[in-house]
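*Asks:* Sequence first, then the predicted structure:
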Amino acid sequence: QSGLTQPPSASGTPGQRVAISCSGSSSNIGTNSVYWFQQLPGTAPKLLIYGNSQRPSGVPDRFSGSKSGTSASLAISGLRSEDEADYYCAAWDNSLSGVVFGGGTKLTVL
Amino acid sequence: EVQLVESGGGLVQPGGSLRLSCAASGFTFNSFWMHWVRQAPGKGLVWVSRINGDGTATNYADSVRGRFTISRDNAKNTLYLQMNSLRAEDTAVYYCARAFVGAAVGYDYWGQGTLVTVSS
């Protein structure tokens, strides 16, 4: 099951803005919505972004999502130490008839 | 309050079987697609399977198709994953997740996960 492509790591200092990319294909990101999840160490993932750019209730507006063609991006502004976590993108894949995840990006707040 | 509680994980030998359960509460269970997602130790999230609200439609990842079976009992508000012919590479924490209406991967609620270890 081919997945989406994310950088394995990203970093930033408190207050900075960081962006995490997610690359896919016409059968997933190119056609369907992108979702982003945050996973803190030892916990279940949490939905951050749905429908490419929508935030669930309770998610700070420091988190934003965008999509263009077959790529998507998660941006985190005003970086905080508590944002240090793993971030995953995901989308439905029409060719596979299944969900594909990115490999995850470990965000370090320096 | 929405809750998803997995159970049934444990140590099993290669080739063995295990059935995971996910007890749901706090919402109208039969109105939602439910998914299983797994995570091998130190690795990323991998989708396993999904089932629709009335149990008539299912999808599987290639890696588990023919070995795993997803099902649900709406009278008991419980989701299941029957895992047969288990392999070492199936070792992972298995999460059940609810996909909110209209969002294929909108996992707004997750269970705490149950660890499956396949080893001799």
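*Replies:* That came in fine, so what should we check first? Residues are numbered from 1 along each chain as shown, chains lettered A, B, ... in the order given.

*Asks:* Can you tell me the closest non-neighbouring residue to the residue located most distally from the centre of chain A?
*Replies:* When distances to the mean C-alpha position of chain A are computed (Cα atoms, centre = their mean), the maximum falls on residue A:95, with 21.4 Å. Of all residues not flanking residue A:95 in the chain, residue A:27 sits nearest, at 4.0 Å (Cβ to Cβ, 6 or more residues apart in numbering or on different chains). Every residue, glycine included, has its C-beta placed from N, CA and C.

*Asks:* who's the most centrally placed residue in chain B bridged to?
*Replies:* Residue closest to the mean C-alpha point of chain B, counted by Cα atoms, centre = their mean, is residue B:36 at 3.0 Å. For residue B:36, the residues forming beta bridges with it (DSSP bridges) are residue B:49, residue B:96.

*Asks:* Next: residue A:106.
*Replies:* So, taking DSSP bridges as the rule, residue A:106 has residue A:9, residue A:86 as bridge partners.

*Asks:* surely it meets residue A:18?
*Replies:* No - taking contacts as Cβ atoms under 8 Å, residue A:106 lies outside contact range of residue A:18: 11.9 Å.

*Asks:* what sits in contact with each of these two?
*Replies:* residue A:10 (Cβ atoms under 8 Å, 6 or more residues apart in numbering or on different chains).

*Asks:* Neighbour count: the two, which is higher?
*Replies:* Using other Cβ atoms under 10 Å in any protein chain shown, the more surrounded residue of residue A:106 and residue A:18 is residue A:18, with 19 against 15.
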